[in-house]
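> sequence plus the predicted model coming up.
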Amino acid sequence: MNRQISFLLASLLAGLATSAAGQQADQQAAREIHERFMAAFNRQDAPGLAALSSENGIRVTPQGIVQGLDAIRVDS
């Protein structure tokens, strides 16, 4: 019984460690995308902004909503 509990706890802790590492990687990726977005935005680089969008991306601006990759390229 103790062996089963020990195995269960070890499995749980290994899962938590893997989850934490994955979360850190996700956070780093989000920071990198944000930095790329801000750099492209500050350069007024429409192709750079569009490169960060998907084919059906949506960009919300004070002037309105722009939807789709081609529209984002033109509007940015």
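Yes, it's here.
> alpha carbons only for contacts and neighbour counts from here, please
Noted.
> now do the residue positioned nearest the centre of the chain against residue 24, distance only.
When C-alpha atoms, centre = their mean is applied to the chain, the residue found nearest the centroid is residue 30 (4.0 Å). If you measure residue 30 against residue 24 using C-alpha to C-alpha, to the nearest Å, the figure is 10 Å.
> name the element the residue nearest to the centre of the chain belongs to?
Counting by DSSP states H and E, the element that carries residue 30 is helix 2-42.
> pLDDT of that helix, averaged?
When pLDDT is averaged over helix 2-42, the result is 78.
> contact partners for residue 31?
By C-alpha atoms under 8 Å, 6 or more residues apart in numbering, the contact set of residue 31 is empty.
> one more pass at 10 Å, please.
Counting by C-alpha atoms under 10 Å, 6 or more residues apart in numbering, residue 31 touches 25, 37.
> can you give me the distance of it to residue 62?
24 Å.
> doesn't residue 66 fall inside a helix?
No: the assignment for residue 66 is strand, going by DSSP: H, G, I helix; E, B strand; the rest coil, so no helix is present there.
> just to check, it is in contact with residue 50?
No: look at residue 66 against residue 50 with C-alpha atoms under 10 Å: they stay out of range, at 11.4 Å.
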